Structures are given as structure tokens and as C-alpha cells.
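[1] from the sequence below, what's the structure:
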Amino acid sequence: MTQIHHEDVAAEPPSRPGDEPWWRREPLAILELADPLHVAAHGIEGFDPARIVKRMKALNAVAAHVFPLACHLDGRTLFFQHASPGDPPPAFDYLAMWLEHSRPAGLRTIVYFNVHSVKGPYARQHPDWQQRRRDGSAKDDIYTIESTFCVNSPWRAWVFDRLRELCRYPIDGIFYDGPAFFENTCYCRHCQALFQERYGKPMPDKEDLQDPALPDLVAFQAQSLGRFLRDSRQVIRAVREGLLFYVNANPLQPQRITGRDNRVLAQHQDVLAAEGGFLHGDLMTESPIWKVGMNAKLLETQASTAGVPHLVFDSFIHTPWTYSTLPAAEAKLLWASSVAHGAATWISANQDAMDQPALDAVAPLYAFARRHRQQLFQTRSIANVALVVSQATLDYYPGVDVPHTDFTAARQADHPGNVTRELYGWYHALWSSQYPFDVLDDQALEEGRLARYAAVVLPNSACLSDACVASLRSFVAKGGTLLATLEAGCRDDRGQPRSSPMLDEVLGVRRPHPSRVMGPRQWDYLFDHARLVSAAEAQGIALCMPSPRYGLEVSAAAGARVLLSFSAPLADRYDDLPSDSGWPAVVEHPWGRGRAIYFACDWGAALHHWRMPAHLAVVRKLLERHVPALVKVQDAPPCLEVSLRQTLDGRKLLLHLVNYNGGMVRPIERVIPLRNLELSVRCQRNVQQVRALVAQTELEPAVHSGWVSFRLPVLETYEVIELMTDQDG
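    Sure thing, here's the model as predicted:
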């Protein structure tokens, strides 16, 4: 076969000054039908660009990820024109051959460049590039048998040379899979010298949460990755403007393990994206059904200051089985859960799954994204509830779970006040109650972005900076409602305990120092003094409901009202009738023009583990009292998610509805439709038209007292209700 060189393929004319880049003009509907294992094993015989391009076009993809460097670096599979020292010349020009088919078809090309995983034999050829553990040994167990290179080593120059070669082709972008540090890395000589120069001390133990120098190491690694991205983008831009550059950033998990600080990474790329839609193992227990939406919301917040779009990586592969594909129903929900929160999408499946039903599901989804780009991706959330993910708490608090990902091993922290489970429980309570809500991080609090919210939830946000605390105090003083649990504000943003917890005055509690933990409370109860839960909601017990597992001994300050209290501990479940201990479990405290509601227990963990109607009812009752509803769904099932957004010009409201009714099994094989949904949206403007965009039908609105009501005859998997308003109304 004749070799095709990149000089033979015409480049796209450069964009004119002032033009928006292509990824802002077109929907980011990206597909990865990964073929690197076939190519690495069979060379040109494993490469069929004509078939893959045809399939991607049939699926309505805008852009493709392709693999001229294989999937994981091996030094042999560099199938493009390169001058890599010591590595063999290309057996064929994969990239030129791909472009020969993709460009005439109008399919954009993004080169996949793995910068986190290296085959063992290739890594051993470059020992000075490898990430190293604290004992000096090379990190050699990535994906069990592979290694990884360090961004502070001379490897960075090798990467930049390959970027220059790749960007001379008429491609449309570069995607980095990574970069990342790993557990107990990197202590290579390059990192140690740079850290010593910057901080004047040796590197601390990355796993020692008690070491006061740990935040310096976390910041150093984040800055190292940020500098690598900054320099990479400069190399790309020097070759050609108008190329998309983005990386595999951090999903919702501690950043200290990998060094991936999304706020830093967002400053040096064109899209903020993470693997929020990768599903692993037992989906009933390991992947919350709302996992994708949770990541999309957090990415939107983290991308906002940098002014870049956010994107969720959704994989149709059911990991860890590379060749196992999810059912089409799960595939549709991955996509819907992303775009419902304004996120662009990238969908991955192995080449061997090209003709599976899950891939067939992509075509109408991506066609819909093309037709409705403005309604899906040029919008902003108008939720009035915010759930806080304190990154400092995830990094420095001892009770945090770590999920299984390609970059992290799973860890379970059996600690009172487990932050991960607190967060998951509160997320589920809001999600299942059809409250539109956002997910904010520490920086959003520091930026003072709370003014438009009626309520803010702190799920054991223990480690907060002075600026975060000041923002929360101002929020409550001006009339907001703060719901907080356990050690909220008891530590600073480096994880060190405060001698005087800075939020306690607002929360209306006094606590001993250090706090005393009650529990585990295995068969104990709460007494509902405020009658928050009716007898029916509490399953027949109006004044006594199951206690969360752990509590803190606090006392209510003057002016605070005890809503619920702990029962005295029972010796076993048959010990005696429960009696009131007098210790507050939930306290409400008016402060300024607002109020704080403090849960002296792991209420979120109880919500996450048990899903008890009484616990959910308490949350809903408190929100009903203090948060103006934006959306109402009559007799809404808990499997219905709502998201309320607005186009940037303010003319349209978009109510996203995602139906997770899958018959109580996962993977979901069939979504069971919801019928005759009665919906109402709060709207102060005149509504001219109400349309269901997926069903392509007009809905008949009824306007009354600031609300617009309508009936949706059927909801399959996903629907977007567009309310066209009169801007002058």
C-alpha cells in the first residue's frame, strides 16, 4: 500500500481574527470508537478508517478521537511522521490515512495522546522519566503491569516534540488522557529538586493527612500539571491556531491523590472534561444513578471562572470488561444526564462494539444536539439551591471514600462523618425531590456566588477557608437558609482543627473542644419535637424515628430551637422503650435575616445508606418551609430528575426531565415511560409558547399567579420543555 504523508492532505483555512473557534460554533458531540489494540497487534491490517468514518457519520458525530500513538505509549506504535530518538519510523501513516477519509466526510479529528500510562518495557528504557514512589522505586503497577512518566522530567520535551509533529497535520485538536500523579508519587529527583527550591524543605509523605506540609505538596503537584498544560498549549498554538486542546481532568473525588485540580487545569485548556460517565462493576452499589449529573454540575461550576465549556466523558464500556457494552437504555441515560446540566458529551466504545445497540442509540441523540445546540449548551442554571462540595474537605479530612477509576484504587473510610456518603445522601435527597440545584466548590464560595440561592447545603464541609466562612455568614445574614452537618467549619482549608469553629455562632450551637462523638448508634432513635414528619411519613411513629449512625455532643445556644433530639443509647434493639437523652440532633437558629439548620449527626450518610422515608421527609419539609419552589411535579416518582436552565439571552426557560424508571435493576435494559405528568414552572414573564423538543409537540400552558402549568402526555427517557417568554413581559 502506498504511504500517504501529511503534506499530501490540505489543511483547513485558518480562522479569521474574531471568529469563534469551532468547538463553540458546533456541538461537542464526540465519538471514540477505539481501535488502538487492533492497530498495535495487527498494524495496517487492523486499521479500517473508511468503515469507522462511515459509522461515525451515521451516528451524527461531529468529531472523532483517533489513536496514532496507540492507547498507552509503547515506543513502537508511533504511526505518524516523527523523529522520536531511538524509536522506529512509522510502519504506515495512520493519521494521514485517517484524514484522507475523515476530512471529505466533514468529520473533525482529535488526536488521543496518553500522558499517564506507559508500557513497562518502554518505561524501563527511560528510567529518568518515570514517576517514583517515596522509597525511590519506579511506579510500575498502573493497570497492574504498566508504568507512568513524570511531567517534571525531561519527558516533557519529548511530548512537546511529538505535539509539533502531530499539529502539522490538518487535525482539529489534541486530547491528553491525563496527565496525573499517582498514589505515593512522585518523588523522582526532578520533583524533589523543584519542591526543595520552591518550599525550602523536603517533600512530605503524600498519604499523611496529619502532616501540615501536605497542602504544599498538593499545591505543588497541581501547579506542575498546570504548567505542563500551559506549555503544551503554547506549543500547539505556535504551530497552528484554532486547535482544540483539552485533557482528562478530575471527577468528583479527592484531588490530592492525582494532583488534578480542575480550577488550575481549566485555566490552560479549552474545555473542562472528566470521566463522570464511566460505570464500573456492580452498578447497583458502585455507581449512583445520578453520578453523571453530579459530575456535570460540578464541572460547570469549575469551568465557569475560566469561561470554558464543560464536558462529560461517557463510556458505553462496562468496566473493567473492555469488550462488554452497556445496554442502550443506560447509554441514553448517560447522554441525557450530561446534557440536562449543560454538558457537552464524548462517548466511547471499543471498535468491536461498533454495531451494538448501545452505539445505535447515539445517532438520534447527536442529531438532537445538532438541532438544539443553543437550548442544550448555551444556557445557565437558574436553580436556587446549592450543594457544596468542599474540595479541601475531600483532600484533608480523614473520612473520605475514593472511587475506583483508571487513576485511583477504591478506598473505603470507616470514619464518623464520612464526607463522601454525606454528600451522596444529600445529593440523593435533593435529586429525588425534584429540586433544581447546583453543585458548588470552595472557590465558588470564595468568589461570593451565593446571592441568587435561597438555600445552601454543607454536607460535613469540615475544612473551609476564612473566605468561605465569611461568604456563608454573609449569605445567612442577608436572608439565606444554611443547612449544615457535623463538623462544618471546624477546620481550616489545610485540614487543621480550629480552636473555635467559625460557623458555630451562625449554626446556634456550642460544642466541647475537641468534639465528642456519639456512636455507633445501631438501634437508637430521634425524637421529633417540631413534628416535621407526620405519623404516616414516619411509618406510624410520629415522635420517634431511626437515628443516624453517628452524632456529636453539642448544646443549643440562646435563641436556637431544638427540632429533633437523640434518644438515650439502648444496649440492644430489645433493651427498653427509647427515652429522650436531651442532646440536640437538629437545631434551627435564626441569624441576621436568615437561618441555619444544623444536623449534629451524619444525616447524609443515613440518607445514602437507608433511604428512609422519615429522613427524606425531614429534608423536604425544611426545604418547603424555606425555599421557594421553582418546579412542581404532581405525584412525582423519585426516579424523575429535573433541571431548570435559561438561555444566555434570557428568552427561553428549559426544563430538562430525565426518567430513570428502570424497574429497580441495573444495568437498566428498558426505561419504563412516565405518563400524564402534571408540571408547573415558576415564571414571572409572559409565556408565549411551550414545546416538548424531543417529542416535537406543542403543549397547552395554563398561567396562574406566576406559574405556568402544562401536561406532558408521555416521558420516555428524556425530554426538554422549552418555555418561550416575552422578554418585555
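
[2] which stretches of this protein aren't confidently modelled?
    1-18, 404, 410, 534-543, 727-729 (pLDDT under 70).

[3] have a look at it and report its longest helix.
    For the chain, the longest helix by residue count, based on DSSP state H, is helix 214-239.

[4] give the closest residue to Cys167 in space, chain neighbours not counted.
    Val239 (3.9 Å; CB to CB, 6 or more residues apart in numbering). In short, each C-beta sits where N, CA and C put it, glycine included.

[5] show me what contacts the one you found?
    For Val239, the contacting residues are 163-164, 167-168, by CB atoms under 8 Å, 6 or more residues apart in numbering.

[6] what sits closest to Pro514 if chain neighbours are left out?
    Using CB to CB, 6+ apart, the closest residue to Pro514 is Pro497 (7.0 Å).

[7] find the centremost residue of this structure, please.
    Residue closest to the average C-alpha location in the chain (CA atoms, centre = their mean): Asn295, at 1.8 Å.

[8] now that one: which helix or strand?
    According to DSSP states H and E, Asn295 maps onto helix 291-304.

[9] packing partners of that helix?
    Identification of packing neighbours for helix 291-304 by 3 or more CB pairs under 8 Å, 6 or more residues apart in numbering; DSSP states H and E yields helix 262-265, strand 272-280, strand 310-319, helix 328-339, strand 437-441, helix 442-446.

[10] taking strand 437-441 as reference, get the angle to that helix.
    Angle between the axes of helix 291-304 and strand 437-441 is 60 degrees (criterion: axes from the mean of the first three to the mean of the last three CA atoms, to 10 degrees).

[11] could you dump helix 291-304 to PDB, C-alpha only?
    The C-alpha trace of helix 291-304 is given here as PDB (Å, rounded to 0.1, in the frame of the first residue of the first chain):
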ATOM      1  CA  LYS A 291     -23.400  10.000  39.200                       C
ATOM      2  CA  VAL A 292     -23.200  11.600  35.700                       C
ATOM      3  CA  GLY A 293     -25.300  14.600  36.600                       C
ATOM      4  CA  MET A 294     -23.400  15.200  39.800                       C
ATOM      5  CA  ASN A 295     -20.100  15.400  37.900                       C
ATOM      6  CA  ALA A 296     -21.700  17.600  35.200                       C
ATOM      7  CA  LYS A 297     -22.900  20.100  37.800                       C
ATOM      8  CA  LEU A 298     -19.500  20.300  39.500                       C
ATOM      9  CA  LEU A 299     -17.700  20.700  36.200                       C
ATOM     10  CA  GLU A 300     -19.900  23.500  35.200                       C
ATOM     11  CA  THR A 301     -19.000  25.400  38.400                       C
ATOM     12  CA  GLN A 302     -15.300  24.700  38.000                       C
ATOM     13  CA  ALA A 303     -15.300  25.700  34.300                       C
ATOM     14  CA  SER A 304     -17.200  28.900  34.900                       C
END
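
[12] so how far is it off the chain centroid?
    What separates the centre of helix 291-304 from the centre of its chain is 5 Å, taken as CA atoms, centre = their mean, to the nearest Å.

[13] how about the helices in the stretch 501-650 of the chain?
    Ranges of helices within the stretch 501-650 of the chain are 504-507, 603-610, 613-626, based on DSSP state H, counting those that start in this stretch.

[14] got a markdown table for those helices, with mean neighbour count and distance to Val708 too?
    What follows is the helices of the stretch 501-650 of the chain, written out as a markdown table (neighbours: other CB atoms under 10 Å; distance: least, CB to CB, whole Å):
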| stretch | mean neighbour count | distance to Val708 |
| --- | --- | --- |
| helix 504-507 | 22 | 36 |
| helix 603-610 | 23 | 31 |
| helix 613-626 | 19 | 20 |
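
[15] ok, Glu446 to Ala470 distance?
    According to CB to CB, to the nearest Å, Glu446 and Ala470 sit 9 Å apart.

[16] now do Pro327
    Taken as CB to CB, the span from Pro327 to Ala470 is 48 Å.

[17] so those two - more neighbours on which side?
    Pro327 (20 against 15; other CB atoms under 10 Å).

[18] which residues touch the residue nearest to the more buried one when sequence neighbours are not counted?
    Closest residue to Pro327 apart from its sequence neighbours, by CB to CB, 6+ apart: Glu669 at 4.7 Å. Applying CB under 8 Å, 6+ apart, we find Glu669 in contact with 327, 329, 662.

[19] from those, pick the one nearest Arg691.
    When those are compared for distance to Arg691 (CB to CB), Ala329 wins out at 25.1 Å.

[20] distance of the closest one from Ile672?
    As judged by CB to CB, Ala329 and Ile672 stand 10 Å apart.

[21] name the residues contacting each of the two.
    Joint contacts of Ala329 and Ile672 (CB under 8 Å, 6+ apart) are Gly662.

[22] what helix or strand is Arg421 on?
    Assigned by DSSP H and E, Arg421 belongs to helix 419-432.

[23] wait, Leu376
    Leu376 belongs to helix 373-377 when assigned by DSSP H and E.

[24] and that helix, what's buried?
    373, 375-377 (16 or more other CB atoms under 10 Å).

[25] got the contact list for that helix?
    Contacts to helix 373-377, defined as CB under 8 Å, 6+ apart, come from residues 26-28, 309, 339, 342, 344, 369, 647, 652, 654, 693, 720, 722.

[26] quick check, the residue nearest to the centre of the chain in contact with Ala249.
    No - Asn295 is beyond contact range of Ala249, at 10.2 Å (criterion: CB atoms under 8 Å).
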